[in-house]
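# Got a predicted model here, sequence first, then my questions.
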Amino acid sequence: MITKSKAFRRSIASSVILILFTIFSDQLFTTLWILIVPIGFIVTLYFLIAAVKNILFWANKRGEISFAWLPLLIQLLPVFVVCVKPSHNRSRANHRFTVDLGSYKPNGCPLKLYREAYCVFGMGALGSDVYSDYLTDSLNFRLYLGTYDEGYERINVTCKGDSVTVKKTSSESVDTYWSDPKTLESRTHSISALKKGRIFE
């Protein structure tokens with residue numbers, strides 16, 4: 001019986017380990033990445049070895065055992081889960097600061113807007129951190145602005161009437177004494193459209 005086979009138990013074990021690692025690594029990656037990376041390598045290697053063994057099991061036992069393909073199918077399910085899960089860059093587990101754009105940078109916005117910053121990769125003393133920023137009015141929408149390395153990148157938000165312009169710049173390989181940082185991305189949003197669309201990212 002397939003459910004009593006070693007291959008079935010191996011597929012369950014490797015799938016559960018991969019899913020648990022994915023859940024916990026998303027929560028702890030920001031501060032414990034130096035431990036998460038080698039553990040992730042070990043988990044991935046174990047999962048791949050189990051998958052190869054299950055392929056061989058299916059090839060050798062398909063004529064003897066019914067549903068010999070089941071262990072391999074079980075292993076494909078967590079791969080699907082890992083592929084469709086939201087990017088770690090959108091994690092809001094480590095809030096760092098919230099800025100009132102009106103008081104920080106006076107502008108003509110028709111309502112209060114806030115910029116929320118979350119650390120998604122912390123280098124600590126080893127280097128600069130990576131942040132993800134969101135724009136929100138705290139009630140009607142939360143818009144993902146992007147991710148930037150605090151060492152040489154910036155996300156600037158300017159408001160004029162109903163329009164909000166989001167510009168991501170980089171000073172990497174640029175002498176900012178002589179030149180402006182290069183623009184990596186620039187887009188404009190309508191505040192009324194964001195409120196009407198009830199966008200929460």
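It's in. Numbering: from 1, shown residues only.
# I figured residue 194 hits residue 143, correct?
Yes - taking contacts as CB atoms under 8 Å, residue 194 lies within contact range of residue 143: 6.1 Å. For every residue, glycine as well, the C-beta is placed using N, CA and C.
# helix or strand right after the helix or strand hosting residue 37?
Take DSSP states H and E as the rule and residue 37 turns out to sit in helix 6-61. Next in sequence after helix 6-61, counting helices and strands by DSSP H and E, comes helix 70-84.
# Can you name every helix or strand that that following helix contacts?
helix 6-61 (3 or more CB pairs under 8 Å, 6 or more residues apart in numbering; DSSP states H and E).
# Which strands or helices does the helix it packs on pack on?
Secondary elements touching helix 6-61 (3+ CB pairs under 8 Å, 6+ apart): helix 70-84, strand 114-121.
# Could you identify which of these has the lowest mean pLDDT?
Sorting those by mean pLDDT places helix 70-84 lowest, at a mean of 84.
# what's the angle between it and helix 6-61?
Here helix 70-84 runs at an angle of 110 degrees relative to helix 6-61 (axes from the mean of the first three to the mean of the last three CA atoms, to 10 degrees).
# Show me what counts as buried in helix 70-84.
Residues 70-72, 74-75, 78 are the ones in helix 70-84 that count as buried (16 or more other CB atoms under 10 Å).
# Is it possible to get CSV of these that adds distance to residue 87?
Shown next, in CSV, are the buried residues of helix 70-84 (distance: CB to CB, whole Å):
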residue, distance to residue 87
70, 31
71, 30
72, 27
74, 25
75, 23
78, 17
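# so can I have JSON lines of the helices and strands packed on helix 6-61 showing distance to residue 5?
Shown next, in JSON lines, are these (distance: least, CB to CB, whole Å):
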{"stretch": "helix 70-84", "distance to residue 5": "7"}
{"stretch": "strand 114-121", "distance to residue 5": "41"}
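# right, so of the ones you listed, which gets closest to residue 29?
strand 114-121 (7.1 Å; CB to CB).
# what sits up against the closest one?
29-30, 33, 88-89, 91-101, 104, 129-138, 142, 145, 147, 157 (CB atoms under 8 Å, 6 or more residues apart in numbering).
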